[in-house]
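1. could you work out the structure for the sequence below:
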Amino acid sequence: MSFPTTIKTVAIVGATGNLGKLVTKALLDTQNFSITATSRSGSESIFATDPSIEIKQGGYSSPAFLANAFAGIDAVVLYLHHTSVPELATEVIEAAAAAGVKWIFPTECVPLDTKQLF
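-> Reported below is the predicted structural model:
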């Protein structure tokens, strides 16, 4: 198995949150990436009018939503709220891996139980 040396498609989990929206905007500003912004159903997207970003809303505990959100994605940047349960981050990471995502970038503030992953 080889890893891509370039990243072209990025999904940002929690793209409408405090940190996620800053990273999403920074990546959009480079004009080097195709961005998919994911957020919980009902979250208001500040990117709704930007034609260069694909918005996907759903439940992070829904395998069907995550499979759809991560289809064709090279990298996932994970910005779940710090109060999220660790199992949720694990589910998102496992769904990204199952969808064939090659690069997964969790942030330091993501609650993550590494005993479940390794």
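
2. who does the longest helix belonging to the chain touch, helix- and strand-wise?
-> Assignment by DSSP state H gives helix 86-98 as the longest helix of the chain. Other elements packing on helix 86-98 under the criterion 3 or more Cβ pairs under 8 Å, 6 or more residues apart in numbering; DSSP states H and E are helix 63-70, strand 75-78, strand 103-106. Backbone N, C-alpha and C define where each C-beta goes, glycine included.

3. for Ala95, which of the ones you listed is the nearest?
-> helix 63-70 (3.6 Å; Cβ to Cβ).

4. sorry, back to before: now the helices and strands packed on helix 86-98 in JSON lines, with mean neighbour count, distance to Val92 and mean pLDDT?
-> As requested, those are exported to JSON lines (neighbours: other Cβ atoms under 10 Å; distance: least, Cβ to Cβ, whole Å; pLDDT from 0 to 100):
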{"stretch": "helix 63-70", "mean neighbour count": "18", "distance to Val92": "6", "mean pLDDT": "94"}
{"stretch": "strand 75-78", "mean neighbour count": "22", "distance to Val92": "6", "mean pLDDT": "94"}
{"stretch": "strand 103-106", "mean neighbour count": "16", "distance to Val92": "9", "mean pLDDT": "89"}
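
5. distance to Thr9 for the ones you listed - can I get that in JSON lines?
-> Shown next, in JSON lines, are the helices and strands packed on helix 86-98 (distance: least, Cβ to Cβ, whole Å):
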{"stretch": "helix 63-70", "distance to Thr9": "10"}
{"stretch": "strand 75-78", "distance to Thr9": "7"}
{"stretch": "strand 103-106", "distance to Thr9": "10"}
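
6. so Ala98 touches Ala67, yeah?
-> Yes: taking contacts as Cβ atoms under 8 Å, Ala98 lies within contact range of Ala67: 7.2 Å.
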